[in-house]
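# Quick one, what's the 3D model for this:
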Amino acid sequence: MKNLFLIIALISVSFVGAQAFEGKGDQKFQIGANFQDEATGINITYDYGLGENISVGISSSYALGIDDVLADVADFGDRFDLKARFNANLGSVLNIDENFDFYPGLSLSTKNFGGHLGARYFFSEGFGIYTEAAFPFAKYDDQVDLFYNQFTINIGASFNL
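Predicted structure coming up:
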């Protein structure tokens, strides 16, 4: 029984001091899995806080696991995507929990112009989890629909820098 109380106390202490978005100068690094139709891959994101509720950043994805039908025709350019992003960090506006951040945003990528909805939750000062859904508004080439010109989901770990 004493061990159970000790574990609960240690877990409770790990939640103290975590904050999802701190405003100007805040830096987040995220790494996770990317899921989309016909492929799975890896996603890396960096966000920098410009103001109380605004951040900008970059995001890059690479499709690793591709369906056999597309594996022969997909080259590096098809598998890779790089995005410039803008986020409206609404965690403090929604006042749900200081450890939680909800952020809609826009992105301009090598494949399209799109939007994303994301959420992250920090368990401690430096570590949390995130999920993000991305969708294109306008594609550069309607003939190319292999990867990233569709609805994608990212999920993974988030770190304060």
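
# Okay, buried residues for stretch 125-144 please.
For stretch 125-144, the neighbour count (16 or more other C-beta atoms under 10 Å) marks G128, Y130, E132, A134, P136, K139 as buried. C-beta here means a position set from N, CA and C on the backbone, and glycine is covered the same way.

# Got the confidence number for the second one?
Looking at Y130, its pLDDT reads 97.

# How about it: what's its closest non-neighbour residue?
Take Y130 and drop its neighbours on the chain: the residue closest to it by C-beta to C-beta, 6 or more residues apart in numbering is R120, 3.9 Å away.

# what's the following helix or strand after the least confident helix or strand in the chain by mean pLDDT?
Each helix and strand of the chain was given a mean pLDDT (mean pLDDT, DSSP states H and E); the minimum falls on helix 2-14 at a mean of 47. Downstream of helix 2-14, the first helix or strand assigned by DSSP states H and E is strand 27-36.

# Give me the neighbour count for the closest residue to G49 other than its chain neighbours.
Ranked by C-beta to C-beta, 6+ apart and with sequence neighbours excluded, the top spatial neighbour of G49 is D26, at 3.5 Å. Here the count is done by other C-beta atoms under 10 Å, and D26 has 20 residues near it.

# cool, the one 4 residues further on as well?
In terms of burial, Q30 registers 23 neighbours under the definition other C-beta under 10 Å.

# what's it in contact with, if anything?
By C-beta atoms under 8 Å, 6 or more residues apart in numbering, the contact set of Q30 is N43, I44, T45, Y46, D47, R120, Y130, N154, G156, A157, S158, F159.

# State the distance from the last one to D75.
F159 sits at a distance of 32 Å from D75 (criterion: C-beta to C-beta, to the nearest Å).

# more crowded one of the two?
The residue with more neighbours, out of F159 and D75, is F159; 14 against 9, by other C-beta under 10 Å.

# State the distance from the more buried one to Y140.
Applying C-beta to C-beta, one obtains 32 Å for the distance of F159 from Y140.

# Check G25 too.
The gap separating G25 from Y140 is 33 Å, by C-beta to C-beta.
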